[in-house]
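A.B. asks: Sharing a model prediction with you, sequence too.
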Amino acid sequence: MTTPDNPQRHSGPLLEIAAASIGSAVTAQEGGADRVELCANLREGGTTPSYGTLAEARKRLRIPIHVLIRPRGGDFLYNDAEVATMLRDIAACVQAGADGVVIGALDADGDIDVALCRRLIDAAGPLDSTFHRAFDAARDRKASLEAIIGLGCKRVLSSGGAQSAPEGADALAQLVRQAAGRIAIMAGGGINADNVRELLARTGVTECHGSASGEHRSGMHLRRTDLPGLEPDFLQTDVARVRALAAALRSN
C-alpha cells in the first residue's frame, strides 16, 4: 500500500485519474495525479483490470491505487457467477496491496443493492471504498446517496446523472449539500483543464475524476488500418493533459 514517505502534496481538491493500462497509471503519477483508479476497457465505462496490471502498478506507483471492481460493461445487476468473480477480484486487490476498491451494484428496480455492496465492502476489509457511477443509473439518487452513506463508502463518483459533470453541476451541488460532509462527492465525466475551476465553484465537490486521455500513436512500422478492432493506435492517459488538469484544479 501507499507508504508514509508519500504524503499528500497539497490541501486542495483531489485529482483521480482513471487509468486503463500500466502506461496510463505511470503517466497519471508523472502528471501529478493524487490517486489512480485502475481499470480496463474505458470505452465500456471501465471494467476490472488484470491481476498482472495491478501487481505491476503497485510496483511502480507511489500514489494510492483504487481498483475498479466491475466484471463487465452494461448494467449493474449481477448474477451469482459475477458476484463470485467480484469477490475473487477483491481478494486479489487485498493480496496485491491496493489502497482501495471501487464498487457498485443495483437491484432490478434500480435501487442500491445494499446486501451485495455490503458483501463487497466487507471482503475489502481495511481498503478504502468508493461507489462508482452505478449511482448515476439508480432510480432515486437522493435515497441512493443515503444508502451509500449507510454502507460506509468514503466517496461516490457521479456526473450528477447527466452526460457530463459540467452538465450535471446543479445536481452535483445538491448532492454535496445533502452529503453535508458525511461522504465525499467526486465529480466525474467530461472534466478537463478548461472547465474544472467553474465546476468546483458551482458544485463544491472536493474530488475530481477523469481519464485525461488521448490517442497514443503506435510504434508499429506496419500499420494495418484495414482490420476493424485491430487498429494499432490506442487511448492512453496523456501527461500534458494530467498536468494541465492538476494545475487548473489547484489554482487559486
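C.D. replies: Happy to help now that I have it.
A.B. asks: the bottom helix or strand of the chain by mean pLDDT?
C.D. replies: Of all helical and strand segments in the chain, the minimum by mean pLDDT, DSSP states H and E falls on strand 213-216, at a mean of 75.
A.B. asks: Let me see the mean pLDDT of whatever helix or strand comes next after that strand.
C.D. replies: Per DSSP states H and E, the first helix or strand lying C-terminal to strand 213-216 is strand 234-237. Strand 234-237 comes out with an average pLDDT of 78.
A.B. asks: where's residue 197, which helix or strand?
C.D. replies: Following DSSP H and E, one finds residue 197 within helix 196-203.
A.B. asks: ok, residues contacting the next helix or strand along the chain from that helix?
C.D. replies: Counting by DSSP H and E, the next helix or strand C-terminal to helix 196-203 is strand 207-210. With contacts defined as CB atoms under 8 Å, 6 or more residues apart in numbering, strand 207-210 is touched by 13-18, 37, 155, 157, 165, 184-188, 191-192, 196, 199-200, 245, 249. Every C-beta, even on glycine, is put in place using the N, C-alpha and C of the backbone.
A.B. asks: strand partners of strand 207-210, parallel vs antiparallel please.
C.D. replies: Strand pairing for strand 207-210, determined by DSSP bridges: strand 14-19 (parallel), strand 184-188 (parallel).
A.B. asks: got CSV for these, with distance to residue 78 and mean neighbour count too?
C.D. replies: CSV is the format used below for these (distance: least, CB to CB, whole Å; neighbours: other CB atoms under 10 Å):
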stretch, distance to residue 78, mean neighbour count
strand 14-19, 21, 26
strand 184-188, 22, 25
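A.B. asks: The ones you listed: which one's closest to residue 65?
C.D. replies: Residue 65 sits nearest to strand 14-19 of all those, at 8.9 Å, using CB to CB.
A.B. asks: quick check: angle from that closest one to helix 196-203?
C.D. replies: 120 degrees (axes from the mean of the first three to the mean of the last three CA atoms, to 10 degrees).
A.B. asks: related to what we said a few turns ago, closest one to residue 227 among the strands paired with strand 207-210?
C.D. replies: Of all these, strand 14-19 comes closest under CB to CB, at 26.5 Å.
A.B. asks: Could you export the closest one as CSV, keeping only the C-alpha atoms?
C.D. replies: Extracted in CSV, the C-alpha atoms of strand 14-19 (Å, rounded to 0.1, in the frame of the first residue of the first chain):
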residue,chain,number,x,y,z
LEU,A,14,-8.0,15.8,-5.1
LEU,A,15,-7.4,14.5,-8.7
GLU,A,16,-8.1,10.9,-9.5
ILE,A,17,-7.2,9.6,-12.9
ALA,A,18,-8.9,6.6,-14.5
ALA,A,19,-6.0,4.6,-15.9
